[in-house]
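Just to be clear, the model below is a prediction. Sequence and coordinates:
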Amino acid sequence: MFKKIIDAISGLFSNLFGGGKKKPQSGTDTSLPNTEIPQDGSEIRPDTIVIVADEMEKVVILPGEADAGFDEDIFDEDKGGKEEPIVIAPDPPKPDPKPEPATPPQPQPAPEPKGRYLWCLDNGHGKQTPGKRSPLFDDGQTRLFEYELNRDIVARIKKQLDEKGVQYFITVPEVDIDDFLEGRVNRANAKKSNLPKIFVSIHSNAAPARSSESWAPDSISGIETWHFHGSKTGQKIASIFQKHLINETSWVNRHLKSRPDGQFYVLRKTNMSAVLTENGFYNNKAQAADLMKPAVRQKIADAHVKAILEIEQNGLESA
Ligand SMILES: [Zn+2]
């Protein structure tokens, strides 16, 4: 029996940084995606019911078990037409039995594509996205921008996945592009792959504060991972990410979260299993200062890589 806690603590989450309610500033593009759609944990309003699960709960997924991992209106072409054959990479050429003595050393071939899943790494938001940035630090000029953090963490993950030969797709390869929430999801949904896809959206959180230029109370900090409510696969993936994130950072464990109503767009509209990690609070002054440090960002990236490698190793279905 899963222990679920209704977490409707008033005031813990609210949209204070303009994600949902603020009108676009004059001169900004009003054709941006519907900002009423919650994008991440910082946009949770105080009256929202949030279900908290412990990442130590055992989630058993039987082989072939169907999963309710997204809204039913998602068009999933993988389920429609005939199955495409799995393309198996040809064996590498056999070495010449008589090596020529004068051959210069050959460059190392690129690692063979391998792996169980295609990891869609979502490093979204943009510099113009309302909110999604820390108050000014004491120097009066530095801020932590969430999009920059998200992209840096994903870049660090990418480097390690390249080394391990794990397959991935980055939703925002560009540096200078703004939010385009639907575009990020559409890119991942449209990405063709013979491997099952898993969507990992990487974020940092914001706690209620007096204003966007005020730091939130020191007491609110830590890491949580969101999954589609009711998705066993999502919960299992989230539990593995949350476990490694807490192990690597030793930050406060805010466990796994999901919302029965009004789930995040990236969890609802991706046609694949999806999780969203909230890596610390960018408006907690001490945590934001930590998030500016390359070593801390590396730990967060390492935790994501460990989770990916654990799932690559074991898969998600129980034997
Ligand atoms: Zn975010």
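Looks like it came in fine.

Listing request: residues of the stretch 151-300 of the chain with sub-threshold pLDDT.
Scanning the stretch 151-300 of the chain with the threshold set as pLDDT under 70 gives 179.

what pairs with the residue in it that the ion sits nearest to across the strands?
For the stretch 151-300 of the chain, the residue closest to the ion is residue 203, as judged by Cβ to the ion, at 3.4 Å. C-beta: built from backbone N, CA, C; applies to glycine. Beta-bridge partners for residue 203, by DSSP bridges, are residue 278.

quick one: contacts of the helix or strand that contains residue 308?
Element membership for residue 308 (DSSP states H and E) is helix 294-314. Outside helix 294-314, the residues that touch it by Cβ atoms under 8 Å, 6 or more residues apart in numbering are 115-117, 119, 149, 152-154, 156-157, 160-161, 164, 166, 198, 200, 202, 237, 240-241, 243-245, 247-249, 277, 279-280, 290-291.

which of these are buried?
115-117, 119, 149, 152-154, 156-157, 160-161, 166, 198, 200, 202, 237, 240-241, 243-245, 248-249, 277, 279-280, 290-291 (16 or more other Cβ atoms under 10 Å).

Quick one: name the residues of this structure near the ion.
Contact residues (Cβ under 5 Å from the ion) of the chain with the ion: 40, 203.

tell me which element residue 150 is part of?
helix 146-164.

Give me the contact list for that helix.
119, 121-127, 129, 132-133, 167-168, 170, 172, 175, 202-204, 279, 282, 291, 297-298, 300-302, 304-305, 308-309.

still on that earlier bit, okay, now the residue of the stretch 151-300 of the chain closest to the ion: neighbour count?
For residue 203, the count of nearby residues is 29 (other Cβ atoms under 10 Å).

Would you check the distance separating the helix holding residue 150 from the middle of the chain?
A distance of 11 Å separates the centroid of the chain from that of helix 146-164, by Cα atoms, centre = their mean, to the nearest Å.

Now the element after it, going C-ward?
strand 166-170.

Next, the buried residues of stretch 58-65.
Buried, per 16+ other Cβ under 10 Å, within stretch 58-65: residue 59.

where along this protein do the helices fall?
Applying DSSP state H to the chain gives helices spanning 77-80, 146-164, 181-190, 232-249, 265-268, 285-291, 294-314.

what about dumping the CA coordinates of the helix holding residue 150 to PDB?
Extracted in PDB, the C-alpha atoms of helix 146-164 (Å, rounded to 0.1, in the frame of the first residue of the first chain):
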ATOM      1  CA  GLU A 146      16.900  29.400 -14.400                       C
ATOM      2  CA  TYR A 147      17.200  28.800 -18.100                       C
ATOM      3  CA  GLU A 148      21.000  29.200 -17.900                       C
ATOM      4  CA  LEU A 149      21.200  26.700 -15.000                       C
ATOM      5  CA  ASN A 150      19.000  24.200 -16.800                       C
ATOM      6  CA  ARG A 151      21.100  24.400 -20.000                       C
ATOM      7  CA  ASP A 152      24.400  24.100 -18.200                       C
ATOM      8  CA  ILE A 153      23.200  21.000 -16.200                       C
ATOM      9  CA  VAL A 154      22.000  19.400 -19.400                       C
ATOM     10  CA  ALA A 155      25.300  20.300 -21.200                       C
ATOM     11  CA  ARG A 156      27.100  18.500 -18.300                       C
ATOM     12  CA  ILE A 157      24.800  15.500 -18.600                       C
ATOM     13  CA  LYS A 158      25.300  15.400 -22.400                       C
ATOM     14  CA  LYS A 159      29.100  15.200 -22.000                       C
ATOM     15  CA  GLN A 160      28.900  12.100 -19.800                       C
ATOM     16  CA  LEU A 161      26.200  10.400 -22.000                       C
ATOM     17  CA  ASP A 162      28.400  11.000 -25.000                       C
ATOM     18  CA  GLU A 163      31.200   9.200 -23.200                       C
ATOM     19  CA  LYS A 164      28.900   6.300 -22.200                       C
END
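
Of the helices of the chain, give the one that comes closest to residue 256.
For the helices of the chain, the distance to residue 256 is smallest for helix 232-249, at 4.8 Å, taking Cβ to Cβ.

For the closest one, enumerate the helices and strands it packs against.
If you count contacts as 3 or more Cβ pairs under 8 Å, 6 or more residues apart in numbering; DSSP states H and E, helix 232-249 packs onto strand 223-227, strand 253-258, strand 273-281, helix 294-314.
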